[in-house]
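**Student:** Predicted structure and sequence below. I'll ask about it afterward.
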Amino acid sequence: MSTHDHGDHVHPEHGADDPHAPIDDFDHYRPESLLMEQALRELLMEQGVFTAEDIQRQIDLTESRTPALGARVIARAWVDDAFRAALLADAKPALGSAFELDLANTPELTVLENTQAVHHVVCCTLCSCYPRNILGIPPAWYKSREYRSRVVIEPRSVLKEFGTELPAQREIRVVDSTADMRYLVIPLRPQGTEGWDEERLAALVTRDSMIGVAQALVP
Amino acid sequence: MSKNVHDMGGDPAGLIDRAEHSRTLFDQRVDAMLRLLAHPQKGYFTVDAMRRSIESLDPQAYHELAYYERWVRAVRQLAIERGLVDEAALEQRMASIAARRAVKP
Amino acid sequence: MSRPALAAGVAVKVGTAEPSTHCRTPHYLRGKHGVVVRTLGRYPNPEALAYHKPGLPPITLYQVEFDAAEVWGERLREAPYRITADIFEHWLEPAVPDSGQGNAA
């Protein structure tokens, strides 16, 4: 797989098939970091701690969790009251059985429902806690100093930066994931989607709407 | 002790850079190494130890290093703490990889 | 220790300790009054896990809700809202509801 898809940061001297691809991105990273990664990986493989195949399988597993999975979950919750109730009551078992996901050895998950009365927005001020088992790796901004510092003290202003303006009477609840629980937001189902099937609805559910910095797309 | 560098809720900060970044192979491999080492059934160390290690970076390094650059330093520290790799052997390997790379046209 | 000590709706105050070691109680909530939303289960103590210790027996984790006015006082610059955070039991003590507020609301 190519690791050089950084717009204008492509290294002309290293093609995607370069056998030395592990050390890449000298534009972005200190050489010391890249050397450290390769040295650690080599030594840990030599010690039998893990194999190259373990690494690849772990990468594949991580990459298989994307916001598209979350969007399917939300669409199901919008159309299926029993599933939504199960999801809100105990998310991991509900997800495991409905979507055939192996969520063992992944963190606990709580699903929060946005309503006309309350809007949840999730963050992690201490590090980067995120419902990776459903949404994959968090976006860079979620891990940024700016988001982590500001969303707990000026959430409306932060939401506005994301283009999200909520009615004044809607209560905001900023959810700081400080410990072992991860949080996933069910955004409000947009009006004008009555009778839509899950696939059509899922296309309205963005990653950011499941973090709570945005609302679902309006058809 | 005053507030640590990672504990930033409420700190003054500027506009949020919302640019999307695709992950590099470096990012993916560091991420995978942590997941494998901190897997509950392997238990070489915990995500909590990983956080502790990241938080102990000096504040300037914490802010200057990219996310996975912080991580790789934490994995390094914990792998040494747990006796999985020898610090001198690691330094030596980094030097030999650097030498290999330098020979490359 | 089998049942959670704090029920939903109970008013609590977050501890004011300033450990120099790893902990998961953000600084901006130390000493603040909130209300328990729910219990989130019991988990090994991250303050021990971070140093390769088992952190047992596990400690009950609570989702606690705070008024922004209580948290930020005079720094508050937006309309009222709430913050929730997940706090371990040993960081919480029962508190008299509404105490410590009134400085901003």
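**Tutor:** Yep, that arrived.
**Student:** Quick one: check stretch A:47-58 for contact with chain B.
**Tutor:** Yes - Stretch A:47-58 lies within reach of chain B by Cβ under 8 Å from any Cβ of the partner chain, at A:47, A:49-50, A:54-56, A:58. Just so you know, the C-beta spots here come from the backbone N, C-alpha and C atoms, and that holds for glycine as well.
**Student:** Buried ones among those?
**Tutor:** Among those, the ones that count as buried by 16 or more other Cβ atoms under 10 Å in any protein chain shown are A:49-50, A:54-55, A:58.
**Student:** Work out for me the element B:Ala95 sits within.
**Tutor:** Using DSSP states H and E, B:Ala95 falls within helix B:87-103.
**Student:** What about the buried ones among the residues of stretch A:47-58 next to chain B, which are in strands?
**Tutor:** Counting by DSSP state E, no part of those is found in strands.
**Student:** re earlier: same for the helix holding B:Ala95, what does it pack against?
**Tutor:** If you count contacts as 3 or more Cβ pairs under 8 Å, 6 or more residues apart in numbering or on different chains; DSSP states H and E, helix B:87-103 packs onto helix A:31-46, helix B:67-81.
**Student:** Quick check: which ranges of the chain have low pLDDT?
**Tutor:** Since you didn't name a chain, this refers to chain A. Within chain A, the stretches with pLDDT under 70 are A:1-27.
**Student:** my bad, chain C
**Tutor:** Under the criterion pLDDT under 70, the flagged ranges of chain C are C:1-3, C:97-105.
**Student:** Close to chain A: what parts of it are there?
**Tutor:** Contact residues (Cβ under 8 Å from any Cβ) of chain C with chain A: C:24-26, C:28, C:40-41, C:43, C:46, C:61, C:63, C:65, C:68, C:71-72, C:75-88.
**Student:** how much space is there between the residue of chain C most remote from its centre and B:Thr46?
**Tutor:** Centroid-distance maximum for chain C: C:His52 at 24.1 Å, with Cα atoms, centre = their mean. C:His52 sits 8 Å away from B:Thr46, taking Cβ to Cβ, to the nearest Å as the criterion.
**Student:** again with B:Trp71
**Tutor:** For B:Trp71, the distance to B:Thr46 equals 14 Å [Cβ to Cβ].
**Student:** buried ones in the strand of greatest length in chain C?
**Tutor:** Criterion DSSP E: the longest strand present in chain C is strand C:33-43. Buried residues in strand C:33-43, counted by 16+ other Cβ under 10 Å: C:33-40, C:42-43.
**Student:** Spit out the contact partners of the residue nearest the centre of chain C.
**Tutor:** Nearest to the centroid of the C-alpha atoms of chain C, with distances taken as Cα atoms, centre = their mean, sits C:Ile87, at 4.0 Å. Contacts for C:Ile87 (Cβ atoms under 8 Å, 6 or more residues apart in numbering or on different chains) come out as A:178-179, C:12, C:14, C:25, C:29, C:61-62, C:64.
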